[in-house]
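**Student:** structure of the sequence below:
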Amino acid sequence: MPVIKQRIDANQFQLKDQVVSINRVTKVVKGGKNLSFSALVVVGDPAAAVVGYGSGKAKEVPQAIRKGIEAAKKNLVRIHRQETTIPHAVLGRFGSGRVLLKPASTGTGVIAGKAVRAVMESAGISNVLTKSIGTTNPHNVIKATFAALTQLRDKDQVAGLRGKSAEEL
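**Tutor:** Numbers count the residues shown, from 1 in each chain. I've put the predicted structure just below:
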């Protein structure tokens with residue numbers, strides 16, 4: 001049975017945006033080269049554990065960032081977390097990119113690369129160990145990070161799946 005993703009309304013959160021990468025893109029046409037910019041943006045509300053990503057393309061950088069923010073607001077995801085860390089270790093995959101997320105004790109901080117760090121800080125996860133394996137392409141790394149975050153389950157969900165109470169685990 002496929003999981004039905006519920007749309008999260010972006011207006012009810014205090015979203016903060018973070019630009020992960022800006023790329024200059026050229027398209028070679030008959031008359032020469034058409035220059036445009038591509039922006040990869042992560043938005044999130046750390047208090048509500050909601051985060052999303054999006055990319056935008058435009059002739060100027062600010063317009064590309066604006067388009068990326070609008071795209072990110074359309075695919076927000078709610079993250080399960082335990083206070084300031086994640087409930088369990090998880091591996092996310094996208095393309096040749098793999099992202100390993102491990103819970104960390106308080107005071108560890110976010111041990112991550114640029115793309116994964118942006119997602120973790122936007123989601124309000126302040127203590128986590130991460131390892132990016134395979135590609136360094138920020139688009140694929142962010143998608144692999146989101147694949148990992150959507151696999152996270154809290155104690156009540158795991159207990160329900162096993163047909164037990166949360167205290168039995």
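**Student:** give me the number of residues near the nearest residue to A48 once chain neighbours are set aside?
**Tutor:** Excluding the flanking residues, the one nearest A48 by CB to CB, 6 or more residues apart in numbering is F13, at 5.4 Å. Heads up, the C-betas are built off the backbone N, CA and C, glycines and all. The number of residues packed around F13, counting by other CB atoms under 10 Å, is 17.
**Student:** residue contacts, F13?
**Tutor:** Contacts for F13 (CB atoms under 8 Å, 6 or more residues apart in numbering) come out as 45, 48, 50, 76.
**Student:** same question for R66.
**Tutor:** With contact taken as CB under 8 Å, 6+ apart, R66 is in contact with 56, 58.
**Student:** related to what we said a few turns ago, what's the pLDDT at the residue nearest to A48?
**Tutor:** For F13, the model assigns a pLDDT of 84.
**Student:** please report how far it lies from L129.
**Tutor:** Taking CB to CB, to the nearest Å as the criterion, F13 is separated from L129 by 27 Å.
**Student:** stretch 88-98: how far from the chain's middle?
**Tutor:** Remark: stretch 88-98 is offset 12 Å from the chain centroid, using CA atoms, centre = their mean, to the nearest Å.
**Student:** next one: stretch 131-138
**Tutor:** Shown here is stretch 131-138, whose average C-alpha point lies 14 Å from the average C-alpha point of the whole chain (CA atoms, centre = their mean).
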